[in-house]
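Colleague: what's the 3D shape of this:
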Amino acid sequence: MSVQLSGQQAVTGVSNSMSPGDFANLGQSTELAFRVEFADERPPQQQLYWRGLVFSDFDGVTWRPASQKGQWSSRLQAPAWIQNAFATVPDESRAAPVNYKVILEPTQQNWLFGLDYPFSQQPDINTTSDFTLTKDQPVTQQLRYDVSQFASMRIDPVLTKASRRENLALPNEGNPQARALAKQLFEQSGSDPVRYIAAIEQWINRTEFRYTLSPPRLNTNRIDEFLFETKAGFCEHYSSSFTFMLRAAGIPARVVAGYQAVSQVAMVTYGKCGKWMRMHGLRFGLRAKAGYVWIRQPLWRLSE
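Modeller: As a prediction, the model looks like this:
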């Protein structure tokens, strides 16, 4: 995720919206984002996805969090979407959650970070219906908060009509080439979502895409321009286009912004931000290394 500085420049980090193509230069920030202290054994490296904001609304240029979200605090009775999520947790996981403390540096925002899926018993911290932690007030100074993660939890095991509609929504017009490609690949995949994902991956691998922090700026049809013209960008470009392609094929999907730990040190800097796409039943991530991008193998989950 990029945080705007001025003009055409930005730095790595997580902001409250995502507009791939706005910036022609993305600088790498090494500023500390947060530290983590685990109460017991540290989870495996591949499970350290630090969830931040979830972007469901897309106007053709910018991704934003959904405008209508439920919210729950431990002070209140748990709503149905919390109860449904906890009902998927095995008894052994309920008895032994992953407990940890986050030491978050000031962000001037009210949303927080936590492992999929985070819960906090602190009375001034809430959990939204897309499982983002939020605080009552913006974080203007270093904040320590306690979080729990319950292994094997699945959220939204059955999508509601409203959630499905929200995570399929695309503008009525724009990006005709991407829509046509989605239709073609989905039909060739026998309308199978897993085969369709593989087909997109194969198409990307056959095409000369490159990962760069200095991509060309994009104009009106940004998905088309990235996929068929510039073929150059960073995590925002790939996650936006991938999610668009899923929705264009009738597969509910959204973008999760946050961080993935890349070392054994429990410290996360703004330069380690990333995106992963969620479709109902699977999770995919984009990671950059050595100048190219690949789609992480799916993790079977009945989740987002």
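Colleague: Could you report the neighbour count for Asn205?
Modeller: Close neighbours of Asn205, defined as other CB atoms under 10 Å, add up to 12. In this view, the C-beta of every residue, glycine as well, is placed from N, C-alpha and C.
Colleague: That one and Phe244, how far apart?
Modeller: 19 Å (CB to CB, to the nearest Å).
Colleague: just Asp59 next, same as before
Modeller: 12 Å.
Colleague: Just the strands from the stretch 51-200 of the chain, written as ranges.
Modeller: 57-58, 63-64, 71-73, 98-104, 114-115, 118-119, 125-128, 133-135, 143-149 (DSSP state E, counting those that start in this stretch).
Colleague: Can you tell me which of those is nearest to Gln188?
Modeller: Of all the strands of the stretch 51-200 of the chain, it is strand 57-58 that lies closest to Gln188, at 25.1 Å by CB to CB.
Colleague: What mean pLDDT does that closest one get?
Modeller: Mean pLDDT, strand 57-58: 94.
Colleague: so what strands line up beside it?
Modeller: Applying DSSP bridges to the sheet, strand 57-58 is found paired with strand 63-64 (antiparallel).
Colleague: Tally up the residues packed near the nearest residue to Ser129 once chain neighbours are set aside, please.
Modeller: Computed as CB to CB, 6 or more residues apart in numbering, the closest residue to Ser129 that is not its neighbour in sequence is Gly70, at 3.6 Å. Burial measure for Gly70: 13 neighbouring residues, criterion other CB under 10 Å.
Colleague: Name the helix or strand for the residue nearest the centre of the chain, please.
Modeller: The residue lying closest to the centre of the chain (CA atoms, centre = their mean) is Val256, at 1.2 Å. According to DSSP states H and E, Val256 maps onto strand 253-260.
Colleague: How far away from the center of its chain is that strand?
Modeller: Relative to its chain's centre, strand 253-260 lies at 1 Å (CA atoms, centre = their mean, to the nearest Å).
Colleague: and that strand, which strands flank it?
Modeller: For strand 253-260, pairing defined by DSSP bridges yields strand 49-55 (antiparallel), strand 273-279 (antiparallel).
Colleague: which stretch in the ones you listed has the least confidence?
Modeller: Mean pLDDT is lowest for strand 273-279 out of these, coming in at a mean of 48.
Colleague: Next, the buried residues of stretch 190-205.
Modeller: Pro193, Tyr196, Ile197, Ala199, Ile200, Ile204 (16 or more other CB atoms under 10 Å).
Colleague: Compile those into a markdown table and extend it with columns for distance to Phe55 and pLDDT.
Modeller: Formatted as a markdown table, these follow (distance: CB to CB, whole Å; pLDDT from 0 to 100):
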| residue | distance to Phe55 | pLDDT |
| --- | --- | --- |
| Pro193 | 20 | 87 |
| Tyr196 | 21 | 92 |
| Ile197 | 19 | 88 |
| Ala199 | 24 | 94 |
| Ile200 | 19 | 91 |
| Ile204 | 21 | 87 |
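Colleague: Could you single out the nearest of those residues to Gln184?
Modeller: Using CB to CB, Ala199 is the member of these that sits closest to Gln184, with 9.2 Å.
Colleague: Who are the contact partners of the closest residue in space to the closest one that isn't next to it in sequence?
Modeller: In space, and not counting its chain neighbours, Ala199 is closest to Leu185: 4.4 Å by CB to CB, 6+ apart. By CB atoms under 8 Å, 6 or more residues apart in numbering, the contact set of Leu185 is Tyr196, Ala199, Ile200, Trp203, Met245, Ala249.
Colleague: Tell me where the chain has helices.
Modeller: With helices called from DSSP state H, the chain shows them at 80-86, 91-95, 161-166, 176-188, 193-206, 222-225, 235-248.
Colleague: how about those, which one is nearest Pro138?
Modeller: Counting by CB to CB, and looking across all of the helices of the chain, nearest comes helix 235-248 at 23.6 Å.
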